[in-house]
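No sequence on hand, only this structure:
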């Protein structure tokens, strides 16, 4: 079962302003995996559940064409407003029914979105559209963040952060369980591809709105469709 959230215009505006984006380093890990498995050129990437398009933009400089997909017209409108690169397009569709031909996509990504999909159906659909040796990348971050600020005790800042997330915990979607990492572990076990990687990466992201440095723990799953699949 898929879960539809964050589709309104206010959500889309907040997503663009505050949504944490993967670092260039993390995107490079995905590209390194794709090059190792399939090689260049990188022709078509599809960013599923793209929201306001931050991740889609990061892919655009590396592919001939990048398509972001989402169910929300408001999110896609926001994404389109910030897509200056001519090789980016956006399509409205559900994650489980992608408008691409069989075996036509080099890379399918889902950045902080996979946990909302009908996961078995999405994985089947990703398998359908991927080229032989094409790759799937599922990325997400945890809320186990570390804050720092000049002349301020990091321990105190992070204690406030922990109290904040503890207050939010009762409002966490029951669908996600106590930790969304387990959803990705389950997906890792269910993907029958022999070439796949499970890694935990820590990177630093600095908000353009403040001088607070936020260290975000990302985890990602990379898998390559076999040549004869």
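That came through, no problem. From a predicted model like this one, the values you see are computed outputs, not experimental measurements.

what ranges do the helices span in this structure?
Listed in chain order, the helices of the chain (DSSP state H) span 9-18, 24-37, 54-60, 73-81, 119-129, 154-168, 181-190.

Would you point out the helix or strand in the chain whose mean pLDDT is lowest?
Every helix and strand of the chain was ranked by mean pLDDT, DSSP states H and E. The lowest is strand 195-206, at a mean of 51.

on that earlier part again, how about a markdown table for the helices of the chain, with distance to residue 113 added?
Just so you know, the C-beta spots here come from the backbone N, C-alpha and C atoms, and that holds for glycine as well. Putting the helices of the chain into a markdown table (distance: least, CB to CB, whole Å) gives the following:
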| stretch | distance to residue 113 |
| --- | --- |
| helix 9-18 | 11 |
| helix 24-37 | 15 |
| helix 54-60 | 9 |
| helix 73-81 | 11 |
| helix 119-129 | 9 |
| helix 154-168 | 20 |
| helix 181-190 | 12 |
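
how many other residues sit next to residue 30?
Using other CB atoms under 10 Å, residue 30 has 24 other residues around it.

Was I right to think it contacts residue 137?
Yes: between residue 30 and residue 137 there is a contact under CB atoms under 8 Å: 4.6 Å.

Quickly list what's touching both of the two.
Shared contacts of residue 30 and residue 137, defined by CB atoms under 8 Å, 6 or more residues apart in numbering, comprise 107, 109, 220, 222.

mind listing which of the residues you listed are in strands?
If you go by DSSP state E, those have 107, 109, 220, 222 in strands.

Look up which residues are beta-bridged to the last one.
With beta bridges defined as DSSP bridges, residue 222 has these partners: residue 137, residue 197.

In terms of pLDDT, where does it sit?
Listed pLDDT for residue 222 reads 87.

That one contacts residue 136, doesn't it?
Yes: counting by CB under 8 Å, residue 136 is a contact partner of residue 222 at 7.2 Å.

These two: which is more packed in?
residue 136 (28 against 25).

Tell me how many other residues surround the nearest residue to residue 223 once chain neighbours are set aside.
Nearest residue to residue 223, sequence neighbours excluded (CB to CB, 6 or more residues apart in numbering): residue 196, at 3.9 Å. By other CB under 10 Å, the residues close to residue 196 number 18.

so what's residue 196 up against?
By CB under 8 Å, 6+ apart, the contact list for residue 196 reads 188, 221, 222, 223, 224.

Relative to residue 105, how far out is the residue in the chain sticking out farthest from the centre?
Relative to the centre of the chain, the most outlying C-alpha is that of residue 151, 33.6 Å out, by CA atoms, centre = their mean. Going from residue 151 to residue 105 by CB to CB, to the nearest Å gives 49 Å.

Next, work out how far apart the residue nearest to the spatial centre of the chain and residue 169 are.
Nearest residue to the geometric centre of the chain (CA atoms, centre = their mean): residue 111, 0.5 Å. Per CB to CB, residue 111 is found 24 Å from residue 169.
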